[in-house]
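Chemist: only geometry, no sequence info:
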């Protein structure tokens, strides 16, 4: 094995994305507690069978910096076949590692393994919630407006979702109570049932879904009522965040646990954040994607023997 030559600065978001991570939650540090380092290994292992593999290009999302998560690389390894490893942003909230492998001989194994240390914090709910309001149009930046419209599996234009969403604007004393009413309705009316991703409308129609469906329906309700909301993806799970503004006009993202132990405005979670958002364009796919998934392309497999691909997304310590 040899060590990858990768500049650590590549892990740091670009200037634009750095502003995005911080500008909309300027006082998030006041609500952070119980920091804990978590190591996570990310990469790919490719086993060639009887046929060689030519022109491999693959990519995998990696953890990046957020107010509640600081990230550093602690180990980098690759096999001799790997020519280049680089990093690129997808939008302004996802980063992925891109690997280029020109040739893998019959029976050989090529791999790239990078271990990250994520200093993860719990997020505590604010003590005074009556001060928060729904952002006005003037308070919505370009990066926030995209969290008000439809996304894959989040059908904010569906008439039945919109009808139910409007019910939550009635008889609520403040914005926080309105969001909490939507949160509790989803948890009380949608039974958790693991299964394939089916989106917000089918969850509403069927009365059941897993963490993706509960999150999607809550996010849809928020967006229809003018509250920016988005999906947070962590290994094996997802949860939503919503955005409100305080008395000083500063915006804050608040997480909540749609599926699992009740946590509203807080997040007792140590698993690393892989990405935030639910509406992405990636070069390898047509149309919008709710999640930036692993991608693999092999230019040629002379002999046609299928390789074995093992994606690595493993928490080593928590």
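Modeler: Sure thing, it's come through. Only a predicted model underlies this, so the values are computations on that prediction, with no experimental measurement involved. Numbering: from 1, shown residues only.

Chemist: So which residues of this structure form strands?
Modeler: 32-47, 53-62, 69-78, 84-90, 94-104, 109-123, 191-192, 208-209, 229-234, 237-245, 251-255, 275-276, 295-300, 308-317 (DSSP state E).

Chemist: ok, residues contacting the second one?
Modeler: Read that as strand 53-62. With contacts defined as CB atoms under 8 Å, 6 or more residues apart in numbering, strand 53-62 is touched by 11, 42-44, 46, 87-88, 94-104, 110, 114, 116, 274-275, 292-302, 307, 311-313. For every residue, glycine as well, the C-beta is placed using N, CA and C.

Chemist: Now the buried members of these.
Modeler: 11, 42-44, 46, 87, 94-97, 99, 101, 104, 110, 114, 116, 274-275, 292, 294-296, 298, 301, 307, 312-313 (16 or more other CB atoms under 10 Å).

Chemist: and the residue positioned nearest the centre of the chain, bridged to which residues?
Modeler: Nearest to the mean C-alpha position of the chain, by CA atoms, centre = their mean, lies residue 275 at 2.6 Å. Assessed by DSSP bridges, residue 275 has beta-bridge partners residue 233.

Chemist: Now do the same contact list for it.
Modeler: By CB under 8 Å, 6+ apart, the neighbours of residue 275 are 61, 93-94, 232-233, 291-292.

Chemist: and the gap between residue 217 and residue 178?
Modeler: The gap separating residue 217 from residue 178 is 16 Å, by CB to CB, to the nearest Å.

Chemist: okay, those two: which has more neighbours?
Modeler: residue 217 (30 against 21; other CB atoms under 10 Å).

Chemist: What separation is there between the more buried one and residue 197?
Modeler: Applying CB to CB to residue 217 and residue 197 gives a distance of 13 Å.

Chemist: Same check on residue 249?
Modeler: When residue 249 is compared with residue 197 (using CB to CB), they lie 37 Å apart.

Chemist: Neighbour count: these two, which is higher?
Modeler: residue 197 (14 against 11).

Chemist: gap between the more buried one and residue 154?
Modeler: Residue 197 is 11 Å from residue 154, by CB to CB.

Chemist: anything in contact with each of those two?
Modeler: residue 290.

Chemist: which residues of the stretch 101-250 of the chain fall in helices?
Modeler: Assigned by DSSP state H, counting those that start in this stretch, the stretch 101-250 of the chain shows helices spanning 142-145, 159-166, 175-189, 199-206, 211-224.
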